[in-house]
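In: quick check, what structure comes out for this input:
(2 chains)
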There are 2 protein chains.
Amino acid sequence: MTKGETVLRAEPGTQEVLITREFNAPRELVFKAFTDPKLYVQWLLGPKEQGLVMRLDRFVPKAGGEWRFIYTDSEGNEKFGFHGSYHEVLSPERIIDTFEIEGLPESQVSLETRVFEEPQPGRTRLTMQFVFQTVAGREGWLQSGAEEGLIDDFERLDELLKRAVTV
Amino acid sequence: MTKGETVLRAEPGTQEVLITREFNAPRELVFKAFTDPKLYVQWLLGPKEQGLVMRLDRFVPKAGGEWRFIYTDSEGNEKFGFHGSYHEVLSPERIIDTFEIEGLPESQVSLETRVFEEPQPGRTRLTMQFVFQTVAGREGWLQSGAEEGLIDDFERLDELLKRAVTV
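Out: Numbering: from 1, shown residues only, chains lettered A, B, ... in the order given. Predicted coordinates:
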């Protein structure tokens, strides 16, 4: 089982970021890890060294639903908040929603599209596209350490999927 | 009272469209025309020559709410459908939502940001930004006649605001 690699592309001057990652699991299961609250809180935790805990303040993963995630440190102090609205949740193919980091001096919203494909049975290719309101907003995201957080997220998701597939 | 002019900018190769328009009305009232269902159906009707009628199938203009608009011709035949989710509705300043034209061979979602400013009392500057998932999606929108529809929409809105302001 080869370890998945997170590939990020951000062409200069554009408003978008493209991320691809493959997982050794059926796409129904990978999709479920994005829509089942009990699974989501186990892996969407950001950079490992921060040791954050995630709480789903609001989570309605369906078209027209909304979400809000709060991150706290090990002492329970609130560190980050994120929220958005779901435009489409089409199982097991696609999730489209909006995304905003709370508490920034200037608000910056992005449109997130996640596509789940199965290039071969039992293997899933996830493609995520973020389109930002501005190029500067895209740069801010890139510089925030979000990529490192995603890489750690996907390693945790890999482990979670491995346990789920072998159980 | 000078007539408003709709200005559209779409830089080549980008994923966005920027539209500005001024109205001789307080921004609270212009904002209301985007969030009050009784007002919205009176002006968001697209190109005049099509003589469309609009029906709000779903309309919850608040963060986490959704919307769906159906257009019918004068005989009641359904012509177009559009839907999306609200990310933010901050009265009277800003509305951020998603937008999708229904029934396209390939789905294309955009993130819409509408900013309402009052450069002087009783006058409102509306700035609308659409960010598309792809450059091709942006081109499709530009070629669909959406700009002409918007110009007619804003003329109707001008008339509606004039009646509301003078009553």
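
In: list the buried residues for the lengthiest helix in chain A?
Out: In chain A, with assignment by DSSP state H, the single longest helix is helix A:146-166. The neighbour-count check on helix A:146-166 (16 or more other CB atoms under 10 Å in any protein chain shown) flags A:146-147, A:149-154, A:156-158, A:160-161 as buried. Every residue, glycine included, has its C-beta placed from N, CA and C.

In: same deal with stretch A:57-67?
Out: Quick answer for stretch A:57-67 (16+ other CB under 10 Å): A:59, A:61, A:63-67.

In: now stretch A:32-49
Out: Buried positions in stretch A:32-49, judged by neighbour count with 16+ other CB under 10 Å: A:32-35, A:39-40, A:42-47.

In: show me the strands in chain A, by range?
Out: Per DSSP state E, chain A carries strands over the ranges A:7-9, A:16-23, A:53-59, A:66-72, A:78-90, A:94-101, A:109-120, A:123-132.

In: tell me which of the ones you listed lies nearest to chain B.
Out: Within the strands of chain A, the stretch nearest chain B is strand A:66-72; the backing value is 3.2 Å (CB to the nearest CB).

In: on that earlier part again, tell me the one of the buried residues of helix A:146-166 nearest chain B?
Out: Looking across the buried residues of helix A:146-166 and measuring by CB to the nearest CB, the closest to chain B is A:A146, at 18.0 Å.

In: turn the strands of chain A into TSV, including distance to B:G81.
Out: Compiled in TSV, those are given as follows (distance: least, CB to CB, whole Å):
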stretch	distance to B:G81
strand A:7-9	33
strand A:16-23	27
strand A:53-59	27
strand A:66-72	22
strand A:78-90	14
strand A:94-101	17
strand A:109-120	20
strand A:123-132	23
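
In: want to try CSV for these, with mean pLDDT and distance to chain B as columns?
Out: Putting the strands of chain A into CSV (pLDDT from 0 to 100; distance: least, CB to the nearest CB, whole Å) gives the following:
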stretch, mean pLDDT, distance to chain B
strand A:7-9, 95, 14
strand A:16-23, 97, 7
strand A:53-59, 96, 7
strand A:66-72, 96, 3
strand A:78-90, 96, 4
strand A:94-101, 97, 4
strand A:109-120, 97, 4
strand A:123-132, 97, 5
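
In: of all those, which lies closest to B:R138?
Out: strand A:123-132 (10.7 Å; CB to CB).

In: buried residues in the closest one?
Out: Quick answer for strand A:123-132 (16+ other CB under 10 Å): A:123-126, A:128-132.

In: tabulate the CA atom coordinates of stretch A:12-22 in CSV.
Out: The C-alpha trace of stretch A:12-22 is given here as CSV (Å, rounded to 0.1, in the frame of the first residue of the first chain):
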residue,chain,number,x,y,z
PRO,A,12,0.6,32.5,-10.2
GLY,A,13,-1.9,35.3,-10.5
THR,A,14,-5.0,33.1,-10.4
GLN,A,15,-7.7,33.0,-7.7
GLU,A,16,-7.6,29.2,-7.3
VAL,A,17,-5.9,26.4,-5.5
LEU,A,18,-6.1,22.8,-6.8
ILE,A,19,-5.4,19.8,-4.5
THR,A,20,-5.4,16.2,-5.3
ARG,A,21,-4.9,13.2,-3.1
GLU,A,22,-5.6,9.4,-3.5
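
In: contacts for that stretch next, please.
Out: With contacts defined as CB atoms under 8 Å, 6 or more residues apart in numbering or on different chains, stretch A:12-22 is touched by A:4-10, A:119, A:123-135, A:137-138, A:141-142, A:150, A:154, B:14-16, B:131.

In: show me which of the buried residues of stretch A:57-67 is closest to A:P92.
Out: Closest to A:P92, out of all of these and judged by CB to CB, is A:P61, at 12.4 Å.

In: tell me how far the nearest residue to the closest one once chain neighbours are set aside lies from A:L90.
Out: In space, and not counting its chain neighbours, A:P61 is closest to A:T35: 4.3 Å by CB to CB, 6 or more residues apart in numbering or on different chains. To A:L90, A:T35 is 11 Å away according to CB to CB, to the nearest Å.

In: just to revisit the earlier point, so what's the residue nearest to A:P61 up against?
Out: Neighbours of A:T35 in contact, by CB under 8 Å, 6+ apart: A:61, A:89, A:91, A:95.

In: likewise A:V115?
Out: A:V115 neighbours (CB under 8 Å, 6+ apart): A:93-94, A:126-128.

In: residues contacting the closest residue to A:K48 other than its chain neighbours?
Out: Distances taken as CB to CB, 6+ apart place A:D152 nearest to A:K48, at 4.6 Å, with adjacent residues excluded. Residues near A:D152 by CB under 8 Å, 6+ apart: A:45-48.

In: kindly recompute the last result at 7 Å.
Out: A:46-48 (CB atoms under 7 Å, 6 or more residues apart in numbering or on different chains).

In: how many residues are close by A:V30?
Out: 25 (other CB atoms under 10 Å in any protein chain shown).

In: just grab the bridge partners of the residue lying closest to it once chain neighbours are set aside for me.
Out: Closest residue in space to A:V30, ignoring its immediate chain neighbours: A:T124 at 4.3 Å, by CB to CB, 6+ apart. For A:T124, the residues forming beta bridges with it (DSSP bridges) are A:F23.
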